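Asker: sequence-free structure coming up:
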């Protein structure tokens, strides 16, 4: 399968939107739509996991081993570094309470309530990795089924988990909510692509335009999205992924090296940016937005690329052997 340049661009877009959301949050400027980058990541993850395994005789343990190698080293390192820093300098990290149980559950990707009663791990962006981990487990279980039954089994599993929280509300914040359906949307899109879904250049551009129009409409109307997030934010994410991947099929997607490099570093950018933005905000303040925003974005992107180049990439290479191209479908959804 050819390199998926579109997936790298989408990862860069999704990570940047989340970084911008958190940066403006520090400056008390409303940009909630930026958080919808997470939904793009979830759709990408479903798409990539399906296309990278379809037709393969992959065991569940081998699948999970690959996911662990890709996801765990950087997340564990960042989580432990933050927990140790919060224990050593509690006044500088008042929002972090590194109790042993909280840290261990965070490292294990278990959704739980932190000491403040919120459903966030030690490293706050890790809440999305808990969803990813649940999806990976369901996906691994589907690999036990015959090839012809995998899509059906995985679909029923994701639907069951995604809807369970409506019938048992305490489980809603503990992963059992419709956010899981965004992975399913990506899986179904991946299945359609592998079956020859080719909408053509004009329709691909139309899908992208519709996604951007939808985001703009949500910003303008300030619609309440929480309960209906998979519809309000997940649907345009699906349009975006469908449009850009289909546009690549028409050979109409140019090579943009900076964007691709940012896609390479998107996992580091997603995990590390809150710490970088927080350091900039505490050091310089946010009242000079013209200075704070470019510096927060620039440092986040630059340090994330260094993290990918100097830590994430070589460590993955060491664990896994020769590292595939990061835009290939073997990479994780981040």
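Answerer: Alright, I've got the coordinates. No experiment lies behind these values; they were computed from the predicted model shown. Residues are numbered from 1 along each chain as shown.
Asker: where does the stretch 201-334 of the chain have low pLDDT?
Answerer: 224-227, 321-334 (pLDDT under 70).
Asker: in it, which spans are strands?
Answerer: Shown for the stretch 201-334 of the chain, no strands are assigned by DSSP state E, counting those that start in this stretch.
Asker: show me where it has helices.
Answerer: 229, 235-249, 257-264, 266-284, 289-307, 313-320 (DSSP state H, counting those that start in this stretch).
Asker: Comparing these, which comes out most buried?
Answerer: helix 235-249 (a mean of 23; mean count of other CB atoms under 10 Å). Heads up, the C-betas are built off the backbone N, CA and C, glycines and all.
Asker: Measure how far that helix is from the centre of its chain, please.
Answerer: From the chain centre to the centre of helix 235-249 is a distance of 16 Å (CA atoms, centre = their mean, to the nearest Å).
Asker: one step back: would you reformat the helices of the stretch 201-334 of the chain as a markdown table and include distance to residue 145?
Answerer: As requested, the helices of the stretch 201-334 of the chain are exported to a markdown table (distance: least, CB to CB, whole Å):
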| stretch | distance to residue 145 |
| --- | --- |
| helix 229 | 29 |
| helix 235-249 | 25 |
| helix 257-264 | 32 |
| helix 266-284 | 29 |
| helix 289-307 | 37 |
| helix 313-320 | 26 |
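Asker: out of those helices, which comes closest to residue 114?
Answerer: Counting by CB to CB, residue 114 lies closest to helix 266-284 out of the helices of the stretch 201-334 of the chain; the figure is 14.8 Å.
Asker: same for that closest one, what does it pack against?
Answerer: Helices and strands touching helix 266-284, by 3 or more CB pairs under 8 Å, 6 or more residues apart in numbering; DSSP states H and E, are helix 5-26, helix 60-88, helix 289-307.
Asker: first to last residue in stretch 300-315, what's the distance?
Answerer: 21 Å (CA to CA, to the nearest Å).
Asker: which residues sit against it?
Answerer: For stretch 300-315, contacts defined as CB atoms under 8 Å, 6 or more residues apart in numbering pick out 16, 19, 23, 73-74, 77, 261-262, 264-269, 272-273, 276-277, 323, 326.
Asker: thinking again about what came up before, now, of the helices and strands packed on helix 266-284, which is deepest in the fold?
Answerer: Per residue and on average, the most neighbours among the helices and strands packed on helix 266-284 fall to helix 5-26, with a mean of 23 (mean count of other CB under 10 Å).
Asker: What angle do helix 257-264 and it make with each other?
Answerer: 80 degrees (axes from the mean of the first three to the mean of the last three CA atoms, to 10 degrees).
Asker: by how many degrees do helix 5-26 and helix 235-249 diverge?
Answerer: Using the same axes, to 10 degrees: helix 5-26 against helix 235-249 is 140 degrees.
Asker: For the next helix or strand after helix 5-26, name the packing helices and strands.
Answerer: Once helix 5-26 ends, the next helix or strand along the chain (criterion: DSSP states H and E) is helix 37-53. Secondary-structure packing of helix 37-53 (3+ CB pairs under 8 Å, 6+ apart): helix 5-26, helix 127-142, helix 180-194, helix 235-249.
Asker: Those helices into JSON lines, with extra columns for distance to residue 88?
Answerer: Output for those, formatted as JSON lines (distance: least, CB to CB, whole Å):
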{"stretch": "helix 5-26", "distance to residue 88": "24"}
{"stretch": "helix 127-142", "distance to residue 88": "24"}
{"stretch": "helix 180-194", "distance to residue 88": "37"}
{"stretch": "helix 235-249", "distance to residue 88": "39"}
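Asker: Which one, of those, ends up nearest to residue 298?
Answerer: Residue 298 sits nearest to helix 5-26 of all the helices and strands packed on helix 37-53, at 10.5 Å, using CB to CB.
Asker: Which elements pack onto the closest one?
Answerer: Packing contacts for helix 5-26, counted by 3+ CB pairs under 8 Å, 6+ apart, involve helix 37-53, helix 235-249, helix 257-264, helix 266-284, helix 289-307.
Asker: returning to what we had before: now for the helices and strands packed on helix 266-284, which one comes closest to residue 254?
Answerer: Of all the helices and strands packed on helix 266-284, it is helix 5-26 that lies closest to residue 254, at 8.8 Å by CB to CB.
Asker: tell me the mean pLDDT over that closest one?
Answerer: Per-residue pLDDT over helix 5-26 has a mean of 96.
Asker: Also compute the angle for it relative to helix 37-53, please.
Answerer: Using the same axes, to 10 degrees: helix 5-26 against helix 37-53 is 160 degrees.
Asker: chain center to helix 5-26: distance?
Answerer: Using CA atoms, centre = their mean, the offset of helix 5-26 from its chain centre is 10 Å.
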